[in-house]
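Colleague: Here's a sequence, model it:
(chains A, B, C and D)
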Number of protein chains: 4
Amino acid sequence: MIETVATPCFRQTLRVYWEDTDAAGVVFYANYLKFFERARSEWLRSLGFEQQRMLEDTGAMFVVAATTVRYLRPARLDDLLDVTVLLRSAGLASMNIEQQIRRSTTAHDGELLAESTIRIGCVERGTFKPRGIPSEILQTLQ
Amino acid sequence: MIETVATPCFRQTLRVYWEDTDAAGVVFYANYLKFFERARSEWLRSLGFEQQRMLEDTGAMFVVAATTVRYLRPARLDDLLDVTVLLRSAGLASMNIEQQIRRSTTAHDGELLAESTIRIGCVERGTFKPRGIPSEILQTLQ
Amino acid sequence: MIETVATPCFRQTLRVYWEDTDAAGVVFYANYLKFFERARSEWLRSLGFEQQRMLEDTGAMFVVAATTVRYLRPARLDDLLDVTVLLRSAGLASMNIEQQIRRSTTAHDGELLAESTIRIGCVERGTFKPRGIPSEILQTLQ
Amino acid sequence: MIETVATPCFRQTLRVYWEDTDAAGVVFYANYLKFFERARSEWLRSLGFEQQRMLEDTGAMFVVAATTVRYLRPARLDDLLDVTVLLRSAGLASMNIEQQIRRSTTAHDGELLAESTIRIGCVERGTFKPRGIPSEILQTLQ
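Modeller: Predicted coordinates for the structure are as follows:
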């Protein structure tokens, strides 16, 4: 479902803490969505955009419209993980993003633990009605 | 710190799911605050008050100002727990609540797993400035 | 992606608390995975199986292998939600489950808020190697 | 309750994401316990100890026995926070830690948002029976 990605993409490194794990001794699968989300927030920040300011300035919010996640190998307490963000397409009011989580290594690409496709929509604060992505952000994305 | 409570108090029963546990095989301690909170919300609902409606009607919100929690025994996946709520005192703009979590049993009081004292304040939405508890609620509490 | 489901299915009702919401004023999308998971746990329990006991008795654990979720409408604080579980197929070592979350109403089917397809695998505790679903459970599922 | 701390202490900086907030538009108070916990884990790591390895090598686990938290000002989405760790005392089987969360600033100490006293115990994996802190760690702490 997710093609091999050769182009450069944004990468955030994060640590697994107790809060992320469950009684199976590994990261609780729902928490990978949090890891994907942190990386997307840092990717937007790296482009110059903060979501709290976007909300205050324009009344626009990004919301998650759909997620597809495949869980391949478990992550454990104290693991260091690399989370990537690759923008696949950006339309007027939505974008599609591909993300991977790998065990962080210094040498080469670490083991792939999970991969996802996330569809993001842009909506009006409060009403949640679809609206265009603020033009300044859209220009940067495209 | 918490005296034995003989008076009747509100009780909610809840189940431990995977999301609540951590890699130690037991409920992650921060999640007891969620269990205490669910019981307080149901206690308010049992008195006729919903917090979302209170927020929309009066602009008032309850916020947690201070918590003291003692963790005595671990709870595990699939455990059924009883969470109690005992209002100790209610002032114009705050209240003190004592809560316990016990393993649920049909026969008698189950093992005490955790106990807490929670101080709740009332604030204005948005500004978070202290304000009086809406009078209708305060009258019911007192 | 998800066909209309006409056959009877398991249903759990749950309440939205503060812990479930985010700064957008609605349920944080990752938390729908928790709601889906609670309903699957109660569905298994309704069939006579507890996962903690299954783990202790057989060393087998169910793990989530893949999730596809579509988020249609937001849920809010104090909402009462119905979460359904429909087993689509059960193989020797995995099963596919379809789930929906609707706003709970007494009259008829409430608004559809989110729907998902979840692939569950069965693995050995500790090693996470795939293994057959314990036969007693598999017989009940099939 | 918490004295002014003049001695040097460990400090971790972290970011507030959507997952941390609630419908009040601020960080959900239970999540401060996660922030405190992340900082304690990084503090132990800075001393050369990883909890997963400690667990595997010695069968010992640190557990939270008691928490006292005062919530002073709210943190919001995108805020950068400094979380400190100050070891107040370390006994054979437990330790007391004081922690603060401040808004991160480059110039001077940021606004104090929350402060806590955390009592940590050392227990045997599985049984949760109290036991001595592994001697290598205890020597470093004392």
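Colleague: all strands for chain A, in order.
Modeller: For chain A, the strands defined by DSSP state E cover A:10-15, A:60-71, A:80-90, A:94-103, A:112-124.
Colleague: out of those, which comes closest to residue B:114?
Modeller: strand A:10-15 (27.1 Å; Cβ to Cβ). Bear in mind the C-beta positions are built from the backbone N, C-alpha and C, glycine included.
Colleague: Skip the chain neighbours and tell me the closest residue to residue A:118.
Modeller: residue A:97 (4.7 Å; Cβ to Cβ, 6 or more residues apart in numbering or on different chains).
Colleague: For the one you found, name its beta-bridge partners.
Modeller: Per DSSP bridges, the residues bridged to residue A:97 are residue A:87, residue A:118.
Colleague: In CSV, list the strands of chain A along with mean pLDDT and mean neighbour count.
Modeller: Listed next are these as CSV, based on pLDDT from 0 to 100; neighbours: other Cβ atoms under 10 Å in any protein chain shown:
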stretch, mean pLDDT, mean neighbour count
strand A:10-15, 97, 16
strand A:60-71, 98, 20
strand A:80-90, 96, 18
strand A:94-103, 97, 21
strand A:112-124, 98, 20
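Colleague: can you redo those strands as JSON lines with distance to residue C:141?
Modeller: Shown next, in JSON lines, are the strands of chain A (distance: least, Cβ to Cβ, whole Å):
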{"stretch": "strand A:10-15", "distance to residue C:141": "37"}
{"stretch": "strand A:60-71", "distance to residue C:141": "21"}
{"stretch": "strand A:80-90", "distance to residue C:141": "34"}
{"stretch": "strand A:94-103", "distance to residue C:141": "30"}
{"stretch": "strand A:112-124", "distance to residue C:141": "26"}
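Colleague: Up against chain C, what does chain A have?
Modeller: Neighbours of chain C within chain A, by Cβ under 8 Å from any Cβ of the partner chain: A:24-26, A:29-31, A:33-34, A:37, A:52, A:61, A:63-71, A:73-74, A:125-126, A:128.
Colleague: rewinding a little: so for residue B:87, which of the strands of chain A sits nearest?
Modeller: The nearest among the strands of chain A, by Cβ to Cβ, is strand A:60-71 at 37.1 Å.
Colleague: Can you list the strands that that closest one pairs with?
Modeller: When pairs are called by DSSP bridges, strand A:60-71 turns out to pair with strand A:112-124 (antiparallel), strand C:60-71 (antiparallel).
Colleague: and residue A:81, what are its bridge partners?
Modeller: residue A:14, residue A:103.
Colleague: where's the residue nearest to residue A:118 relative to residue D:18, distance?
Modeller: 15 Å (Cβ to Cβ, to the nearest Å).
Colleague: Equivalent analysis for residue A:19, please.
Modeller: 15 Å.
Colleague: out of these two, which sits in the more crowded spot?
Modeller: residue D:18 (24 against 20; other Cβ atoms under 10 Å in any protein chain shown).
Colleague: Now do the residue nearest to the more buried one when sequence neighbours are not counted against residue A:51, distance only.
Modeller: Closest residue to residue D:18 apart from its sequence neighbours, by Cβ to Cβ, 6+ apart: residue C:22 at 5.1 Å. Noted for residue C:22: a distance of 11 Å to residue A:51, by Cβ to Cβ.
Colleague: do the same with residue A:142
Modeller: For residue A:142 relative to residue A:51 (Cβ to Cβ), the value is 19 Å.
Colleague: more neighbours, the two?
Modeller: residue A:51 (20 against 12).
Colleague: got the contact list for the more buried one?
Modeller: Contacts here follow Cβ atoms under 8 Å, 6 or more residues apart in numbering or on different chains; on that basis residue A:51 touches A:41, A:44, A:61-62, D:18, D:77-78.
Colleague: Give me the mean pLDDT for the helix ranked longest in chain A.
Modeller: Secondary structure of chain A per DSSP state H: the longest helix is helix A:30-46. Averaged over helix A:30-46, pLDDT sits at 98.
Colleague: Report all helices and strands that it contacts.
Modeller: Using 3 or more Cβ pairs under 8 Å, 6 or more residues apart in numbering or on different chains; DSSP states H and E, the elements in contact with helix A:30-46 are strand A:10-15, strand A:60-71, strand A:80-90, strand A:94-103, strand A:112-124, helix C:30-46, strand D:10-15.
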